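Asker: What shape does this take:
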Amino acid sequence: MKLNAEVDTVTASRYTIRYYPTVCLLRTEGDEIERIVGYKPAPEFIAEIEDYLAGRNTLAWMLEQESARSDSAAFMFRLAERLGFHGRFEDSRPRYLRVVALDPENTTQVADDALYYLSRMARKDKDYVQARKYAQTIVERYASSDMYRPAWLQVGINFRKEGSLPEARKTFLDYAKRFPDDEDTPWAREQADSIAAQLRRPPGA
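Answerer: As a prediction, this is how the structure comes out:
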């Protein structure tokens, strides 16, 4: 069965659908076995379905494995991500923090992603200072990360959200100067210009 979660909000709410596309593997009575989020190549998709039908690598299976594998940053990241896919963000948060603590050098290449997800979650909670700090950690530690540029923009966004306008403007200008050919640079310049205009307004205007 295929449905539009933005139209059939009752079913989407029942299964806590947060990402599109999401494929839910269900038992006959409607209970969820597991879900696949995002597009996957056919062989990978089929392999995951076979695993889930055999009871392997489901969220329930991973939670059972957690105590024995809590020192594996890679495992904890997969678990945190899976919890997020199920809409269990408060449960995913401590697992992402565990990943960062286990792998400060980012040798597994997931600590940067964990910090980015933590930043986005904090921003959603309107904790803009903490969201900025998570993003700044990526910028300061992981210059070669694929999260480096998105994190830099998150720093600017959260500076602006927390009301630190001069710092936000400088962050966006620094981004545009450092990455003049990046696809997000025009947007960063627009943000800097908008903040400059905001700073020029008289108080109370």
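
Asker: Now stretch 193-205: buried residues?
Answerer: Under the neighbour-count criterion of 16 or more other CB atoms under 10 Å, stretch 193-205 has Ile195 buried. Yep, even glycine has a C-beta here, placed from its N, CA and C like the rest.

Asker: how distant is that stretch from the center of its chain?
Answerer: 32 Å (CA atoms, centre = their mean, to the nearest Å).

Asker: Contacts for it next, please.
Answerer: 160, 165-166, 168-169, 172 (CB atoms under 8 Å, 6 or more residues apart in numbering).

Asker: quick one: average pLDDT of it?
Answerer: Stretch 193-205 carries an average pLDDT of 85.

Asker: Repeat that for stretch 170-190.
Answerer: 97.

Asker: Can you give me the end-to-end span of that stretch?
Answerer: Start-to-end span of stretch 170-190 (CA to CA, to the nearest Å) is 12 Å.

Asker: now that stretch, how far from the chain's geometric center?
Answerer: Taking mean C-alpha positions (CA atoms, centre = their mean), stretch 170-190 and its chain are 22 Å apart.

Asker: same deal with stretch 182-191?
Answerer: Using CA atoms, centre = their mean, the offset of stretch 182-191 from its chain centre is 21 Å.

Asker: same thing with stretch 106-113?
Answerer: Centre-to-centre, stretch 106-113 and its host chain are 13 Å apart (CA atoms, centre = their mean).
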